[in-house]
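Student: Just to be clear, the model below is a prediction. Sequence and coordinates:
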Amino acid sequence: MFPRHIGFAPKDVIELWSNKRKRDYCFHWDDAGLWLHNLDFQNKFVKDVGKYLQVARTDFACIMFSAISKEDISSKIRGLRNAIIIEINKHGKNESHPNTRTANAYIERKGWKGRTWKDEQWKDTFDCHVPGDADNPRTFYGWYKPLRDSYTTIAKSKMKKDIESDADLNINTNNTNSNVE
């Protein structure tokens, strides 16, 4: 069930989207900020994703993009009309409930003179511990953890490739600590 509703690498996401046979209720592009970053707004792929979102309701009732901050996702994508932004913070956390988080969902609206305001949709408090066991691949966490761990490997590989192809970034000052773990 999970694999058809979540994706990370652009090739995998687009392949899942392209192989759809009928409309589905949701898709979560996990850590989409890596691929649809605001600084890449001129990237053809980022533009094409923005264009697809104009007709995505044919395939999905909801597409979710996650990132560290909403500003990481290109404004052309996150700024689509009636896009719901969900910010998660640590409000409600205390010593007896250290994993409590609060989700605030809102739509950014434009008012008079172009001023933006948050039209709150809902607010909910929850426990952020992912259910399941990392040693059991049949649980969500067991299935997702190895995949999630591979995301950082992919991001590091992407940075390394960029460094190797850009002479300005490929400078070694020999001040690095070889004992870093």
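Tutor: All right, it came through fine. Residues are numbered from 1 along each chain as shown.
Student: show me what contacts the most centrally placed residue in the chain?
Tutor: Centroid-nearest residue in the chain: residue 66, 2.3 Å away (criterion: CA atoms, centre = their mean). For residue 66, the contact set (CB atoms under 8 Å, 6 or more residues apart in numbering) comprises 28-33. C-beta: built from backbone N, CA, C; applies to glycine.
Student: Recalculate using a threshold of 10 Å.
Tutor: Taking CB atoms under 10 Å, 6 or more residues apart in numbering, we find residue 66 in contact with 6, 8, 28-33, 72-73, 86, 88.
Student: can you check residue 124 too?
Tutor: Residue 124 neighbours (CB under 10 Å, 6+ apart): 86, 88, 101-105.
Student: could you flag which of those are buried?
Tutor: Among the contacts of residue 124, those classed as buried by 16 or more other CB atoms under 10 Å are 101, 104-105.
Student: Which of those fall in strands?
Tutor: Counting by DSSP state E, the members of the buried ones among the contacts of residue 124 that fall within strands are 101, 104-105.
Student: Just the closest of those to residue 150, please.
Tutor: residue 101 (24.6 Å; CB to CB).
Student: So that closest one versus residue 30, what's the distance?
Tutor: 17 Å (CB to CB, to the nearest Å).
Student: circling back to that earlier point, so which of the contacts of residue 66 comes closest to residue 149?
Tutor: Checking the contacts of residue 66 against residue 149 by CB to CB gives residue 8 as the nearest, at 11.3 Å.
Student: give the contact list for the closest residue to residue 64 other than its chain neighbours.
Tutor: In space, and not counting its chain neighbours, residue 64 is closest to residue 28: 4.5 Å by CB to CB, 6 or more residues apart in numbering. Listed by CB under 10 Å, 6+ apart, the contact set of residue 28 reads 2, 5-8, 13, 62-66.
Student: Figure out the helix or strand that residue 28 lives in.
Tutor: Element membership for residue 28, per DSSP states H and E: strand 27-29.
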